[in-house]
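**Q** need coordinates for the below:
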Amino acid sequence: MVLRRLVERLRNENWTSVGIELVIVVLGVFLGLQAQEWSTRRQTEATAAEYAARLMDDFRSDFRFRSFLYEYYDDVRASNERVLEALEGASEMEDEALLVNAFRATQYIQWYASPSTYGELVSIGGVDLIRDESMRDLARQVYAANLMQHIEDEGSEAPFRRAFRSVVPLSVQRALGQRCGDRQFDLGDLAVVTDPLDYPCETGLSPAEVEASLAALRGIEQLVPMLRLRVTEITTRMNALRFSIRDIKGLLGRADAG
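**A** Alright, predicted model coming up:
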């Protein structure tokens, strides 16, 4: 309608009306573009806020699990060190306790990774939707490094684990796992768990079974170097865990304070 009137006035050389009609057309286009831009901006801001909230929830969950993981591998490292010291003659240990610690030195946690908000953001090229620079940088450090997967892979492929599980009778391994293995906890308790693996236990094994298992253990080639390697591997990963726990805790503290 506006364009038809504009053509008619051009034919009639009604320049004043033409100018007015042009202003109306341009203003209408401008206002339409502004409204569209405003709507797009609001939608983008809402999407960014949703992702930021989801990412913060991921950090809270990850903080609990990483804190638990740190406690867990602290126990695994302690068992490795006890066995190492006993074999090197730096300390004395009862046979059953030595076998228990050797078993616990082979333990690791199988981590079932769930889709993360950060991974979703990477897949859509939307990492910059997280406006908080410190949150964005921490997400890159925490989720792009694959620390959890590295910890699991090293645990499952540790030479001492493979050697121990190869030579100790299965019946002994089952008894150790049932009576002296990982404690069971609810997910909500993970942040406050201490010593999930280092606790008193009785194996229920006979002295003959314990003695035969330790004889098999001592017959493993390169046993002491394997234990030393595992201690250093765990220590390295625990240091990385400690730093990530510290940084996540700092972010959560600032969020709660704000």
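
**Q** any idea how far G250 is from Y51?
**A** 21 Å (CB to CB, to the nearest Å). Yep, even glycine has a C-beta here, placed from its N, CA and C like the rest.

**Q** pick out whichever of these two has more residues nearby.
**A** Per other CB atoms under 10 Å, whichever of Y51 and G250 has more neighbours is Y51, with 20 against 12.

**Q** what's the neighbour count on H150?
**A** For H150, using other CB under 10 Å, the count is 14.

**Q** what's the average pLDDT for the helix or strand encompassing I248?
**A** I248 is part of helix 223-257 when elements are defined by DSSP states H and E. For helix 223-257, mean pLDDT is 94.

**Q** in it, what counts as buried?
**A** Burial within helix 223-257, assessed by neighbour count using 16 or more other CB atoms under 10 Å, is assigned to 223, 226-231, 233-234, 237-238, 241, 244-245, 247-248, 251.

**Q** and it, what other elements does it pack with?
**A** helix 15-87, helix 133-143, helix 147-157, helix 159-167 (3 or more CB pairs under 8 Å, 6 or more residues apart in numbering; DSSP states H and E).

**Q** in JSON lines: those, plus mean pLDDT and distance to G125.
**A** Formatted as JSON lines, these follow (pLDDT from 0 to 100; distance: least, CB to CB, whole Å):
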{"stretch": "helix 15-87", "mean pLDDT": "80", "distance to G125": "13"}
{"stretch": "helix 133-143", "mean pLDDT": "90", "distance to G125": "14"}
{"stretch": "helix 147-157", "mean pLDDT": "92", "distance to G125": "23"}
{"stretch": "helix 159-167", "mean pLDDT": "97", "distance to G125": "40"}
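
**Q** out of those, nearest to R218?
**A** helix 15-87 (7.6 Å; CB to CB).

**Q** just to revisit the earlier point, mind checking the helices and strands packed on helix 223-257 for the one nearest to F103?
**A** helix 159-167 (7.2 Å).

**Q** convert the C-alpha atoms of the closest one to PDB, please.
**A** This file holds the C-alpha atoms of helix 159-167, laid out as PDB (Å, rounded to 0.1, in the frame of the first residue of the first chain):
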ATOM      1  CA  PRO A 159      51.600 -52.800  35.700                       C
ATOM      2  CA  PHE A 160      51.300 -53.800  39.300                       C
ATOM      3  CA  ARG A 161      47.500 -54.200  39.000                       C
ATOM      4  CA  ARG A 162      47.800 -56.500  36.000                       C
ATOM      5  CA  ALA A 163      50.600 -58.500  37.600                       C
ATOM      6  CA  PHE A 164      48.700 -58.900  41.000                       C
ATOM      7  CA  ARG A 165      45.500 -59.900  39.300                       C
ATOM      8  CA  SER A 166      47.300 -62.400  37.100                       C
ATOM      9  CA  VAL A 167      49.100 -64.400  39.900                       C
END
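
**Q** isn't F103 up against R161?
**A** No: F103 sits out of contact with R161 when judged by CB atoms under 8 Å, with a separation of 9.9 Å.

**Q** and these two? Which one has more around it.
**A** Higher neighbour count among F103 and R161: F103, with 26 against 19, using other CB under 10 Å.

**Q** model confidence score at the more buried one, please.
**A** pLDDT for F103: 98.

**Q** which phi and psi does it have?
**A** Phi and psi for F103, reported as degrees, to the nearest 10, are phi -60, psi -50.

**Q** what residues does it make contact with?
**A** 164, 168, 173, 176-177, 180-181 (CB atoms under 8 Å, 6 or more residues apart in numbering).

**Q** got it, and A240?
**A** 145, 147.

**Q** separation between it and R131?
**A** Distance, A240 to R131, using CB to CB: 27 Å.
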